[in-house]
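> here is a sequence together with a model predicted from it:
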Amino acid sequence: MKLADQPKKGRQGTAADRKAPAATVFRASGSSTSIPHGVRREIIKKFPVKANLEDYDATYATFTWEEAQKEISYFAGGKMNAAYNAIDRQMHAGRRNKVALYCVDAENRLELFTFQDIYYLSNRLGNALKSLGVQKGDRVFVFMPRIPELYVSTVAIAKIGAVVGPLFSAFGPDALRDRLQDSEAKIIITTPELKPKLDEIRDQLPDLEYVIVARNEGKLKRGELSYEELMVGASEQLTPAHMDPEDPLYLLYTSGTTGKPKGVVHVHNDIIGHHMTSKWVLDLREDDVYWCTADPGWVTGTVYGIFGPWSNGASIVTYEGRFDARSWYQLIDRLHVTVWYTAPTALRMLMKAGDELVYEHSLDSLRHVLSVGEPLNPEVVRWGMKVYGLPIHDNWWQTETGMMLVANLPGLPIKPGSMGKSLPGVYATVVDDDGNELGPGQLGRLVVRPGWPAQLRQVWRNEEKFKEYFRIPGWYFSGDNAWRDEEGYLWFVGRADDVINTAGHRVGPFEVESALVEHPAVAEAGVIGKPDEERGEIIKAFIVLANGVESSDDLLDEIREFTKRQLAAHAYPREIEVRDALPKTRSGKIMRRLLKAWELGLPAGDTSSLDDD
Ligand code: PRX
């Protein structure tokens, strides 16, 4: 483990060091991505080397996932381990002393970790967890800010065959309780700053045996253990668990329309998909300095912030600080980031921060920029072209799909506004409600032929929910609406259900409604996504106050704060409207469809089941 203020320049080599072969010039589609006149950065960057997936059509025609298994390390008898593929095998692939992790904390201090560092640290923690009785299949949760211990913990848990449970550090007590209770978590690893949120619900978690606290300075209570003391006492030699490819790797909680968040179960076999898509879509190679801005509490941060890039031997960058345009550009400049995977809301905020801020920094190291999680407006793609000299590559996937399935690949022309095409080995298309495939230009349900390696294997203890995804044989239903064009590019239209997508975060209205009605002043709540230029959607709540309670700005502020504290900072309703009553079905379900129609000033549609007495 080394501590340094600045990484050595040129340590990994930057894009500028490499020569661009003339044959691999970016092919922009049509005039929409051409650079407008009068722009200071007049370049269109060229790929420094050929794209990893050079010939899409030829690969698409012949590729099978069996072929990809050759890129993965297996143990005897077809056993495997995703964490072994991410870290341990780099020890024998000449990458032992290569930087695996550039960790920049909230005060901009940089710490570097080589693959060897992560290897030994995760071995120690793996042994420590085993000494606490953790066995294959046990659920161990990670509730930490983006500090090195988070990355070490994720690898260590997977290495010993336990199931990783990533938790977003902004979660409040309610969000934690739902996930830890449902999964019957045995251990959680956290920090002193985040632990108080857990303390509030600790007595509601009978299965939780230990709380491991990293960087603790105060006194620990019964059942709490020091991360550092465990590490010191543990051996750095560990044989990784030999897992069946179908054994669980992690449990990712995500939101649907109804009920509490559901635990999506992924397996070690997923690493095949992580590896190939990081190679094809992120276009990663071992000399890349790669920054995925998503928090590992979400699927993007786990899959493409940890497993996928490490499996390809790339160096990953993590930044503990919050979003800030200047700090983000400084980070790219300082660490010579070459590949950058971010989200539309962040890009829209960067666009708002202005072009001049871009030009104050040297972003010349960047060679490939990508975005995911919500619709990426063509305007942002064009702006990216103007200021970064690079197109922004949108791609589509979900917590359930476990890996990218549709993408604008580096070797294909980009269509701004489209999510791209099905990856090799994947068939994503658009069907009607009965599963009949629709032709180009027709709006329908976005579905995928089952069988890709990272497909969800279960919904944790909820077979019924799992089956809903496969309700028509031969298709996985994503819950999104889309259309496809003549060339097979897919265009996102919206969710087919009430799930809200705010700043790329998937939020279930039911969770927010449940948190709201916990407040004593709230009798009923109905929650919708309201279109917002910057965040895609914001959360809007319609509430009915309890008998005798008077509405006031202070009260609404208090309710907002209450929800934020209980649930999460991203999941609170920015807007609250008080109503005398909410529209409900005869069975008492709040009609969110109608709330949305109210909000948008649209006709209410079919209200035959509306109970307004
Ligand atoms: O509605 C789609 C939207 O995000 C949903 C998946 O969210 P989540 O499971 O949290 O996974 C996020 C990481 C990919 C999808 O059902 N979504 C994802 N990518 C796009 C998108 N919407 C529009 N364009 C995209 N590229």
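Good, I have the coordinates.
> any idea how far apart the tips of stretch 285-303 sit?
For stretch 285-303, the separation between the terminal residues is 16 Å (Cα to Cα, to the nearest Å).
> what's the average pLDDT for that stretch?
Taken as a whole, stretch 285-303 has a mean pLDDT of 97.
> do the same with stretch 104-113
In this model, stretch 104-113 has an average pLDDT of 96.
> the stretch 301-450 of the chain: strands as residue ranges?
Taking DSSP state E, counting those that start in this stretch as the criterion, the stretch 301-450 of the chain carries its strands at 315-319, 339-342, 368-372, 392-396, 406-407, 421-422, 428-431, 444-448.
> got those strands as JSON lines, with distance to Val211 and mean neighbour count columns?
(Each C-beta comes from the backbone N, C-alpha and C, glycine too.) Below are those laid out as JSON lines (distance: least, Cβ to Cβ, whole Å; neighbours: other Cβ atoms under 10 Å):
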{"stretch": "strand 315-319", "distance to Val211": "23", "mean neighbour count": "25"}
{"stretch": "strand 339-342", "distance to Val211": "32", "mean neighbour count": "25"}
{"stretch": "strand 368-372", "distance to Val211": "33", "mean neighbour count": "24"}
{"stretch": "strand 392-396", "distance to Val211": "37", "mean neighbour count": "25"}
{"stretch": "strand 406-407", "distance to Val211": "39", "mean neighbour count": "26"}
{"stretch": "strand 421-422", "distance to Val211": "43", "mean neighbour count": "22"}
{"stretch": "strand 428-431", "distance to Val211": "41", "mean neighbour count": "21"}
{"stretch": "strand 444-448", "distance to Val211": "39", "mean neighbour count": "23"}
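> export the ones you listed as TSV, with columns for distance to the ligand and mean pLDDT.
Written out in TSV, the entries for these read as follows (distance: least, Cβ to the nearest ligand atom, whole Å; pLDDT from 0 to 100):
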stretch	distance to the ligand	mean pLDDT
strand 315-319	17	98
strand 339-342	10	98
strand 368-372	5	97
strand 392-396	4	97
strand 406-407	8	98
strand 421-422	12	98
strand 428-431	12	98
strand 444-448	8	98
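> tell me which parts of the protein are close to the ligand?
Neighbours of the ligand within the chain, by Cβ under 6 Å from any ligand atom: 254, 299-300, 372-375, 394-399, 419, 478-480, 492, 495, 501, 506.
> which ones among those lie within helices?
Of the residues of the chain next to the ligand, the ones assigned to helices by DSSP state H are Val299, Thr300.
> show the pLDDT at whichever residue of the stretch 301-450 of the chain sits closest to the ligand.
Nearest residue of the stretch 301-450 of the chain to the ligand: Thr399, at 3.4 Å (Cβ to the nearest ligand atom). On the pLDDT scale, Thr399 is placed at 98.
> please look at His368 and Trp340 and confirm they touch.
Yes - under the criterion of Cβ atoms under 8 Å, His368 is in contact with Trp340, at a separation of 7.3 Å.
> in the lengthiest helix in the chain, which of the residues would be classed as buried?
Among the elements of the chain assigned as helix by DSSP H, the one spanning the most residues is helix 115-131. Taking 16 or more other Cβ atoms under 10 Å as the neighbour-count basis, helix 115-131 is seen to contain the buried residues 115-130.
> output the below-cut-off pLDDT ranges for the protein.
Along the chain, the model assigns pLDDT under 70 to residues 1-49, 605-613.
> try it again with 90
Along the chain, the parts satisfying pLDDT under 90 run over 1-50, 256-260, 411, 585-589, 598, 601-613.
> domains in it, by residue range?
Domain assignment for the chain by automatic domain parsing gives 15-62+323-495, 68-265, 500-600.
> Leu282 is nearest to which of those?
Checking the domains of the chain against Leu282 by Cβ to Cβ gives domain 15-62+323-495 as the closest, at 5.8 Å.
> ok, now which ones touch Met351?
By Cβ atoms under 8 Å, 6 or more residues apart in numbering, the contact set of Met351 is Val380, Trp383.
> setting aside sequence neighbours, what's the nearest residue to Leu594?
Pro583 (4.4 Å; Cβ to Cβ, 6 or more residues apart in numbering).
> gap between the one you found and Leu595?
The span separating Pro583 from Leu595 equals 7 Å under the rule Cβ to Cβ, to the nearest Å.
> identify the contacts common to those two.
With contacts defined as Cβ under 8 Å, 6+ apart, the residues adjacent to both Pro583 and Leu595 are Gly526.
> can I get the strands of the stretch 301-450 of the chain in CSV including distance to Arg461?
Supplementary listing: the strands of the stretch 301-450 of the chain in CSV, determined by distance: least, Cβ to Cβ, whole Å:
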stretch, distance to Arg461
strand 315-319, 32
strand 339-342, 32
strand 368-372, 29
strand 392-396, 28
strand 406-407, 30
strand 421-422, 32
strand 428-431, 28
strand 444-448, 24
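> gap between the residue nearest in space to the middle of the chain and Gly233?
With the centre of the chain defined as its mean C-alpha position, the nearest residue by Cα atoms, centre = their mean is Thr300, 2.4 Å away. Using Cβ to Cβ, one gets 35 Å for the distance from Thr300 to Gly233.
> which ones are touching Leu249?
The contact partners of Leu249, by Cβ under 8 Å, 6+ apart, come to Ala82, Ala158, Val163, Val164, Met243, His266, Val267, His268, Asp270, Ile271.
> Lys589: how many residues sit nearby?
The burial metric for Lys589, expressed as a neighbour count using other Cβ atoms under 10 Å, is 13.
> about what we covered before: so the residue nearest to Leu594 sits against Arg592, correct?
No - Pro583 is not in contact with Arg592 according to Cβ under 8 Å; the separation is 9.1 Å.
> mutual contacts of these two, please.
Gly526.
> before we move on, the earlier item: please save the CA atoms from the longest helix of the chain in PDB.
As requested, the backbone C-alpha atoms of helix 115-131 are provided in PDB (Å, rounded to 0.1, in the frame of the first residue of the first chain):
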ATOM      1  CA  PHE A 115      -3.200  -5.700  -7.700                       C
ATOM      2  CA  GLN A 116      -0.800  -7.300  -5.200                       C
ATOM      3  CA  ASP A 117      -2.000  -5.000  -2.500                       C
ATOM      4  CA  ILE A 118      -5.700  -5.800  -3.200                       C
ATOM      5  CA  TYR A 119      -4.800  -9.500  -3.400                       C
ATOM      6  CA  TYR A 120      -3.200  -9.600   0.100                       C
ATOM      7  CA  LEU A 121      -5.700  -7.300   1.700                       C
ATOM      8  CA  SER A 122      -8.700  -9.200   0.500                       C
ATOM      9  CA  ASN A 123      -7.000 -12.500   1.500                       C
ATOM     10  CA  ARG A 124      -6.600 -11.100   5.000                       C
ATOM     11  CA  LEU A 125     -10.200 -10.000   5.200                       C
ATOM     12  CA  GLY A 126     -11.400 -13.200   3.700                       C
ATOM     13  CA  ASN A 127      -9.600 -15.200   6.400                       C
ATOM     14  CA  ALA A 128     -10.900 -12.800   9.100                       C
ATOM     15  CA  LEU A 129     -14.500 -13.400   7.900                       C
ATOM     16  CA  LYS A 130     -14.000 -17.100   7.900                       C
ATOM     17  CA  SER A 131     -12.700 -17.000  11.400                       C
END
